[in-house]
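# here's a sequence, model it:
(chains A and B)
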There are 2 protein chains.
Amino acid sequence: MSHTKTQPVFLLGLGGVGRALARQIVAARASHLRRHGLRLEVVGVADSRGLVHAAQGFTDQTLLELIEWKERGGRFEQAAWPAWPSNCIVVDTTAAESSVPLLLNVLQSGGGVVLANKLPLAGELSWFDAISAGRARWETTVGAAMPVIQTLNYLLDSGDEVIRIEGALSGTLGFIAAQMERGLPFGEAVRQAKQRGYTEPDPRQDLSGKDAARKALILARMLGYRLNLDDVQIESLYPPEMEPLTVGDFLREVDALNEPMRRRADELTRDGRALRYAAVIEAGVCRVGLIGAEPNSKLARVAASDSVVVFTTRHYQDNPLAISGRGAGQEVTASGVLGDIVSLAREINQPRSAFTNS
Amino acid sequence: MSHTKTQPVFLLGLGGVGRALARQIVAARASHLRRHGLRLEVVGVADSRGLVHAAQGFTDQTLLELIEWKERGGRFEQAAWPAWPSNCIVVDTTAAESSVPLLLNVLQSGGGVVLANKLPLAGELSWFDAISAGRARWETTVGAAMPVIQTLNYLLDSGDEVIRIEGALSGTLGFIAAQMERGLPFGEAVRQAKQRGYTEPDPRQDLSGKDAARKALILARMLGYRLNLDDVQIESLYPPEMEPLTVGDFLREVDALNEPMRRRADELTRDGRALRYAAVIEAGVCRVGLIGAEPNSKLARVAASDSVVVFTTRHYQDNPLAISGRGAGQEVTASGVLGDIVSLAREINQPRSAFTNS
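Predicted coordinates:
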């Protein structure tokens, strides 16, 4: 590498992942320079309240102080969006759809987009089309930093034919299924998950299966399925009658589900099958829900606390291709986002070659 | 994608993988055009005897006829290397070191290199340095098409710290270990592997562990270990005294190893451990040999017939990142090579951007 290439980066979202990412960008500087002659320069950060930016990029010290200030409760004053460099990479670690117009704009003007945010890809199909056709990466939308998206892209590029994707992609629901497998009542498993901080503040957000469905939808769309979230068959682990309850009341009344959930689990785990909450994408259909995984299948062989994705393809039929590991967590997700930024920066910063246009 | 980009490709090696690759290039044409506006154009093919080339690229029909002709025993007349386009991708599916000067030349003149051939990366360190710093891909050198190399690169780019890599990467030795776990004598397991076509014509090439060692060495070098093949600790599954035997004599006399191999297997598989032939890369040391994998470890949980690589990193400590699947086979290896060609072609054919050099 003869030159150092400077890649401007703008961070949308300063939650746990966004803050971990800012710190990791600083920490990985030496490695990026050595491996790729690349310098990532944060030119702005924004959250739902406002933003700050610096045309020449923040110094590492300023960036770290900014993150600490946010952690102590600092609030941005509202500010207008800056005009950013056309080759800027905008990184979305929010959980909102409001960033979509901005992201599409960035892609259209030749910039890059890295998403940890699932909503732009699981929303309108036209958004998915624009993002997936552009300079974009979204590895951490499915299975945190596990290389699920790049593996699927590689399978598609290799001319292989993907027959089925199965995935246990929710750490929370994996934990609950594992506890039920060990004989714990459903309500107790839910409360344990909540106590350990594995759930959203309202555990129904996990139990509804919607988040798992969004991950499944992203994979299905990458396979070319023209589906929307309404088309995904979702098994919710609580009935609609419990929707109006407060979180506290829900956690008390959840034991009413112990009996029916135990019957369902017993039925699914006959003949030594393993209880999993999984996505299955096959033959144009996409569904998420409880399944009984065959004893020797890859879904069953992986510990329930692990996330796992299994690709059955023309080339991987008898020995499906499986990726398993830790599929959740802010630090690991931030590291996946950083891997995406570097990958995209390398694509954007390639020197021009003598390719032939026809 | 507004333009079709044409990417010239030159194939070195027309063994099983090379021929499967040529056919897959033709079969995947429509998908490459649709997904990336990319057209791969084979401008030459070569084997150890000679070559043919076509400045404008072979038609699909000519290419397929050429492959069939080779399969019927056709022989190239010797021919001089053509002057290829500077943006050409040269694909090495040979098993020889003789291609190295050519590959280095291609990289230096701005072209790309895709390797299924392990020898250039497991040979002199200076070759590894030149290839890994250039426009190159080598996914199928370790675990066939399983995304091992791209995952390791992604971990390194993400600023994660790789603590340990373990891999069961030889389908042949995996089969033999699995048969021994089931109580079969070593000699019988070797003969079965040979009969099923899982081994090289001389099974000692597999049993020596050298091929597994080359894969381990490539991973170790990617971690920055400055090692050569001599530095890898290799456990051979036959003693040096059996080296001079003919293949037939070896297959008869291999039963002399049944007793010592049974003792070694029993010792390793105490307390429910699983017998694996594995590479372990950790703390600057790289070794391959028989191990007893902890009952609940990822190496043990995966079927012995599968290939598997387990990355333990700062971010993946309690739940290591594991990739498992079919790690051998000509069709699947060719598909991995094709995935590499597409990935590299996309990198080479990026339109110029307004990046900043400093």
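# for the residue in the stretch 1-150 of chain A positioned nearest to chain B, which non-adjacent residue is closest in space?
Residue nearest to chain B within the stretch 1-150 of chain A: residue A:28 (3.2 Å; CB to the nearest CB). From N, CA and C alone the C-beta is placed, and that goes for glycine too. With sequence-adjacent residues excluded and distances taken as CB to CB, 6 or more residues apart in numbering or on different chains, residue A:28 is closest to residue B:159, at 3.2 Å.
# so what's that neighbour up against?
A:24, A:27-28, A:31-32, A:335, A:338 (CB atoms under 8 Å, 6 or more residues apart in numbering or on different chains).
# element containing residue A:86, please.
Using DSSP states H and E, residue A:86 sits within no helix or strand.
# wouldn't it be in contact with residue A:108 here?
No - contact between residue A:86 and residue A:108 fails when scored by CB atoms under 8 Å: they sit 10.4 Å apart.
# what backbone torsions are found at residue A:224?
Residue A:224 adopts backbone torsions of phi 100, psi 0, taken as degrees, to the nearest 10.
# which of the contacts of residue B:159 are buried, as a ChimeraX select command?
Buried members of these, defined by 16 or more other CB atoms under 10 Å in any protein chain shown, are picked up in ChimeraX with:
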select /A:24,28,31,32,335,338
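# can you lay out the contacts of residue B:159 as a markdown table showing pLDDT and secondary structure?
Putting the contacts of residue B:159 into a markdown table (pLDDT from 0 to 100; DSSP: H, G, I helix; E, B strand; the rest coil) gives the following:
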| residue | pLDDT | secondary structure |
| --- | --- | --- |
| A:24 | 96 | helix |
| A:27 | 95 | helix |
| A:28 | 94 | coil |
| A:31 | 91 | helix |
| A:32 | 93 | helix |
| A:335 | 96 | helix |
| A:338 | 97 | helix |
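# just flag the most distant two among the contacts of residue B:159.
The distance between the two most remote of the contacts of residue B:159 (CB to CB) is 13.0 Å, for A:32 and A:335.
# can you show me the strands along chain A?
A:5-12, A:38-46, A:51-53, A:89-92, A:112-115, A:136-137, A:162-168, A:233-234, A:274-282, A:285-293, A:307-313, A:321-325, A:356-357 (DSSP state E).
# tell me which of these lies nearest to residue B:257.
strand A:321-325 (33.4 Å).
# each with direction, which strands does that closest one pair with?
strand A:307-313 (antiparallel), strand B:321-325 (antiparallel) (DSSP bridges).
# what's the closest non-adjacent residue to residue A:43?
residue A:8 (4.6 Å).
# my bad, should have said residue A:117
Per CB to CB, 6+ apart, closest to residue A:117 is residue A:92, 4.5 Å.
# about what we covered before: of all the strands paired with strand A:321-325, which one is nearest residue B:273?
Here strand B:321-325 is closest among these (CB to CB), at 17.5 Å.
# also compute the angle for that closest one relative to strand B:162-168, please.
20 degrees (axes from the mean of the first three to the mean of the last three CA atoms, to 10 degrees).
# and stretch A:265-272, what's buried?
Quick answer for stretch A:265-272 (16+ other CB under 10 Å): A:265, A:268-269.
# number of nearby residues for residue A:86?
A count of nearby residues for residue A:86, using other CB atoms under 10 Å in any protein chain shown, gives 12.
# same thing with residue A:52?
14.
# who is it paired with across the strands?
Here residue A:52, judged by DSSP bridges, has bridge partners residue A:45.
# likewise residue A:312?
If you apply DSSP bridges, the partners that residue A:312 bridges to are residue A:164.
# residue A:275 touches residue A:267, doesn't it?
No - using CB under 8 Å, residue A:275 is not in contact with residue A:267, being 10.2 Å away.
# mutual contacts of these two, please.
Common neighbours of residue A:275 and residue A:267 (CB under 8 Å, 6+ apart) are residue A:292.
# which parts of the stretch 151-300 of chain A are helices?
A:171-181, A:186-195, A:204-207, A:210-222, A:247-253, A:258-268, A:298-301 (DSSP state H, counting those that start in this stretch).
# contacts for the fifth one?
Around helix A:247-253, the neighbours that count as contacts under CB under 8 Å, 6+ apart are A:190-191, A:194, A:201-204, A:238, A:242, A:245.
# can you check the first one too?
Where contact means CB under 8 Å, 6+ apart, the residues beyond helix A:171-181 that reach it are A:168, A:186, A:188-190, A:192-193, A:196, A:198-199, A:203, A:206-207, A:209, A:212, A:237, A:261-262, A:265, A:269, A:274-277, A:290, A:303-307, A:327-328.
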